[in-house]
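Novice: dropping the sequence and predicted coords here.
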Number of protein chains: 2
Amino acid sequence: MTVASPIYCFIAGPIGAWRITAIHAARGEALPAASHLDIVSSTIALRPHGASWMLRASTSNVRYSTRNEIAQLAESQPSLGRAEATKAALIPIRKSREWWDLAQDERRAIFEETSKHTRIGQDYLPSIARRLHHGRDLGEPFDFVTWFEFAPEHEARFDELVYRLRGTREWEYVEREVEVRLERG
Amino acid sequence: MTVASPIYCFIAGPIGAWRITAIHAARGEALPAASHLDIVSSTIALRPHGASWMLRASTSNVRYSTRNEIAQLAESQPSLGRAEATKAALIPIRKSREWWDLAQDERRAIFEETSKHTRIGQDYLPSIARRLHHGRDLGEPFDFVTWFEFAPEHEARFDELVYRLRGTREWEYVEREVEVRLERG
């Protein structure tokens, strides 16, 4: 029996396992301020009392990666929860209607053949762990929520990764992007 | 501003715009009996009082179709709600974990290059109107819910379409499939 994709809730409020150090809008509107973030792997339909905001998204299946790319990533991809990875970033993104109206081959061409999204990401392995979540089909305000974890000494590398991705042709279709930076505890 | 994919709720119970004439399991467990089906394009988190079952799914974006395939379909694809289309079918499907663990290129190869899913469907245009919905990322029991509408004289053609699809390699990955047949009113 298949287990459907787990849905994660990212809850910003007065409590949580991660302390929010900064929230800024890379494009479009930011998210409201909050001191902490909690991540729960269950479906919560309503925002908990006292929470500032909540994002819901599902890990789903791969949408563009080929078998070769998956195999290459698997070799060097670290898992979440490493003891040394005390820094994190949460990056919710919404792409434009123009992007979603493209055919699968057109989106794939921009994603990898033109923008080299996967190949850029590979340059930052195994320092930076990440998990991608999809929110669009859930009726959420963001299409994607990506969660990154890394050690403090790799923070500059993380900044570089984000900078390089924002310079790609794929990012021309991003109409809202928020960057939330965090520390454990 | 992007509008996220609309979520549709398929509610089986004592009332609804469509009368259920048969429910049978093509593979795996069936769905409980009910007399009517209502389709609402809004998010209802809880099953309405008195309903027998409810499925939720989102129209989402195309996952495999190329620009050429989309253009070909657009030429002959009828819309829902035609006056003569008084018969309908609702086919919820769940695919196996093995399917979802495949890479994008592997799923595309089975979907179209091997199974010719889109090309089979084209043989039944413009008689049969359809709308595909995705439920997997919503944590639903079915990955897909497809809604078909056709005139009574095309019912045998619809049966043939379903029969041909079930014979494809893609269908080896289907682990649950229910067929609900309906009439307007």
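Specialist: It's in. Numbering: from 1, shown residues only, chains lettered A, B, ... in the order given.

Novice: centre of the chain to stretch A:84-100, how far?
Specialist: Stretch A:84-100 sits 4 Å away from the centroid of its parent chain (C-alpha atoms, centre = their mean, to the nearest Å).

Novice: buried stuff in that stretch?
Specialist: Neighbour counts using 16 or more other C-beta atoms under 10 Å in any protein chain shown place A:Ala85, A:Lys87, A:Ala88, A:Ala89, A:Leu90, A:Ile91, A:Pro92, A:Ile93, A:Arg94, A:Lys95, A:Trp99, A:Trp100 of stretch A:84-100 among the buried residues. Backbone N, C-alpha and C define where each C-beta goes, glycine included.

Novice: now these in JSON lines, with pLDDT and distance to chain B?
Specialist: Converted to JSON lines, the buried residues of stretch A:84-100 look like this (pLDDT from 0 to 100; distance: C-beta to the nearest C-beta, whole Å):
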{"residue": "A:Ala85", "pLDDT": "97", "distance to chain B": "26"}
{"residue": "A:Lys87", "pLDDT": "98", "distance to chain B": "29"}
{"residue": "A:Ala88", "pLDDT": "98", "distance to chain B": "23"}
{"residue": "A:Ala89", "pLDDT": "98", "distance to chain B": "23"}
{"residue": "A:Leu90", "pLDDT": "98", "distance to chain B": "19"}
{"residue": "A:Ile91", "pLDDT": "98", "distance to chain B": "17"}
{"residue": "A:Pro92", "pLDDT": "98", "distance to chain B": "13"}
{"residue": "A:Ile93", "pLDDT": "98", "distance to chain B": "11"}
{"residue": "A:Arg94", "pLDDT": "98", "distance to chain B": "6"}
{"residue": "A:Lys95", "pLDDT": "97", "distance to chain B": "7"}
{"residue": "A:Trp99", "pLDDT": "97", "distance to chain B": "8"}
{"residue": "A:Trp100", "pLDDT": "96", "distance to chain B": "5"}
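
Novice: in strands only, show me those.
Specialist: A:Lys87, A:Ala88, A:Ala89, A:Leu90, A:Ile91, A:Pro92, A:Ile93, A:Arg94, A:Lys95 (DSSP state E).

Novice: quick one: the first one and B:Glu140, what's the gap?
Specialist: Noted for A:Lys87: a distance of 35 Å to B:Glu140, by C-beta to C-beta, to the nearest Å.
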